[in-house]
Every structure is written in structure tokens, then in C-alpha cells.
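Peer 1: Compute the structure for the input listed below.
(one chain, ligands or ions: 1)
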Amino acid sequence: MSLKNLLGDWSKYRKGHEEGGFHKYEHMWGLAIDLNKCIGCNACSVACYAENNLAVVGKDKMLSNQGMHWLRIERYWDEPQLGGDDRDFQERGASFLPMMCQQCNAATCEPVCPVAATYHTPDGLNAQVYNRCIGSRYCSNNCPYRLRYFNFYSYYESSWPAPLHMQLNPDLSVRDKGVMEKCTFCVQRIRTAKDTARAENRKVIDGEFNTACAQSCPTKAITFGDMLNPDSAVSKKWKAQQVELGKAEQHKANRDLRGYRVLEGLNTDPKVLYLERVREV
Ligand code: SF4
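Peer 2: Predicted coordinates:
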């Protein structure tokens, strides 16, 4: 999308899926994450580091909020009064919330970029063009989920000392300082799957590829797929939870269903569905 389009058609664009979408979408990649199954092992986050050439910045920079993890596991501890439990929080156990870019259909990060380095693709992805990014960080300030990460240093000089550089993924770049980074739903895997399907004159088959996080999760808490395919596993999960794209407020016939989207009321139309954890009290 050009800058002219982005600014001129913003109101139409903002409505996103609600009115059939600004683009004619080819795919609509989405996730469903079952928090009942998540054990907080961080395998998804580690797989994301390996797949996407994420820099390991070290403890000091993590403490200064300069981590480059595109997928973070948020930990929440029970309040004692919830379970009538007066043990220390370390003994009460935690709930985990894997948070990656929510690939919002009406993404608040996109219109504020002065050079249109972040834009919406015909796959419904919120893409980041590193070569166009000038590091203004407006997108990060405007992301309500805080899921964009600014690259402050030339990490390639120190992050992968030999022989670790041998494990870098050749399918995507190693970013330099001064650009904003974020989860792409493993766009390099999406591109490979689409190219393979095109070469074989067929459609992309549900489950033929996965994001690194979904692939590595030992409890299969994460489901990835095309939400335009009504038979995909991810579409079925959204449908079963009566959560729909393009709605800031869901009207569920069954209020006991666990599906929800984070900060949905902001009308960002995120494409990550969470299935609430069921608590024993
Ligand atoms: S790999 Fe699966 S179980 Fe482990 S933290 Fe990630 S989502 Fe949770």
C-alpha cells in the first residue's frame, strides 16, 4: 500500500474486515492459543529466536527493556483472595499468556508510520519493511499490546559468535540497528508454502506448514492457519468459540465459551484468539 493510499483511504481501511476488507484478501492467517494447555515452557519463544534470527541481547539489555523477543510469555500470579490461598506467590503457580504481534486487521501501528514501512498485506498480515524503516518508533508507541521491538544495536557483531552464526536462517535477513522488528507469523514459511502450492498448481493445504511457535509447542497449545478456509483447524476453533473477526464486541450465544481476544474493545480486530484458562478455586 502506498503512502497516498494509506492516508487517503484511512477511514475505509480502518474498518478492515468489517466491510469485507480494504484488500481482496488471498488468505487471512490467524492463531488460536489454548491457555489451558500452555505450561509456560518458552519452547515457542526459543523456536521464534532460532527461526527469525532474533538477537540474544543479554541480561543487562533485557533489564533495560531492549530485548528483541518477538514472542514473550507473560506470567500472572493468582491473587490470594481468589483461591482463599495465603501461600507465597511462588508456591501458588502461575498462568501464562504467550504474546506475539496480534496481526490486527485495523492495526494502530500502520497509519502512524511516516514512511509506510508497516502496512497490510493481501494475506491479512501486518508487514514490516526493514529497508524502509527510519526508526521513528511511532508504531511502537501506538501499539496497545507493546509487541514491537526496536533494534538499538548492531547485534550481528556480537550475538552469534562463531560457530553460532552457522545456525542463522538464510530465509530472512539479520536486521541492523535503527529498525523496528516484530512477529511476522513466520512470513518466510508462508511465502515458501504459497510458492510451492503455486508451482504445483494447487491451493495451500491446511497444516502443510506451521509457524515456528506452533510447530515447537510440546502441548499443541498453538493452532495456526488460514481463516478464509472454513475447514482449517484455526477457523473451526474460532467458530466453536463464537468469536468473529471485524467485531469489537462479541455476542456469544453461549457465555461459557472461553474464547476472547486481547483488548478487543479497542477495535483493532486482532487475529489471535485466546482460550481462557479454567481455574480451580
Ligand atoms: S511452547 Fe506451548 S506450552 Fe510452552 S510456553 Fe509456548 S505456548 Fe506455552
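Peer 1: Helices along the chain, start to end?
Peer 2: Taking DSSP state H as the test, the helices found in the chain are 3-8, 10-15, 43-51, 59-63, 80-83, 89-92, 138-142, 187-199, 212-216, 233-240.
Peer 1: Buried deepest among those helices, which one?
Peer 2: helix 212-216 (a mean of 21; mean count of other CB atoms under 10 Å). To be clear about C-beta, it is placed using only N, CA and C from the backbone, and glycine gets the same treatment.
Peer 1: okay, the helices of the chain in CSV with distance to the ligand and mean pLDDT next?
Peer 2: CSV is the format used below for these (distance: least, CB to the nearest ligand atom, whole Å; pLDDT from 0 to 100):
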stretch, distance to the ligand, mean pLDDT
helix 3-8, 34, 53
helix 10-15, 31, 53
helix 43-51, 3, 97
helix 59-63, 18, 93
helix 80-83, 22, 60
helix 89-92, 18, 67
helix 138-142, 23, 96
helix 187-199, 17, 97
helix 212-216, 6, 98
helix 233-240, 14, 97
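Peer 1: My read is that T268 contacts E110, right?
Peer 2: No - with contacts counted by CB atoms under 8 Å, T268 stays clear of E110, the gap being 10.4 Å.
Peer 1: circling back: can you redo the helices of the chain as CSV with distance to H27?
Peer 2: Below are those laid out as CSV (distance: least, CB to CB, whole Å):
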stretch, distance to H27
helix 3-8, 21
helix 10-15, 18
helix 43-51, 19
helix 59-63, 34
helix 80-83, 40
helix 89-92, 42
helix 138-142, 23
helix 187-199, 8
helix 212-216, 16
helix 233-240, 11
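Peer 1: Can you check which of those helices gets nearest to A116?
Peer 2: Shortest separation from A116 across these is recorded for helix 3-8, at 4.5 Å, computed as CB to CB.
Peer 1: can you list the residues of the stretch 51-200 of the chain near the ligand?
Peer 2: With the criterion set to CB under 6 Å from any ligand atom, the stretch 51-200 of the chain comes near the ligand through 73, 96, 98.
Peer 1: how far away is the last one from C217?
Peer 2: In this case it means P98. 9 Å (CB to CB, to the nearest Å).
Peer 1: can you check N169 too?
Peer 2: 19 Å.
Peer 1: Just list the residues touching the residue of the stretch 151-281 of the chain found nearest the ligand, thanks.
Peer 2: At 3.2 Å from the ligand, C217 is the closest residue in the stretch 151-281 of the chain, using CB to the nearest ligand atom. Neighbouring residues of C217 by CB atoms under 8 Å, 6 or more residues apart in numbering: 38, 43-44.
Peer 1: Since that was my last question, I'll sign off now.
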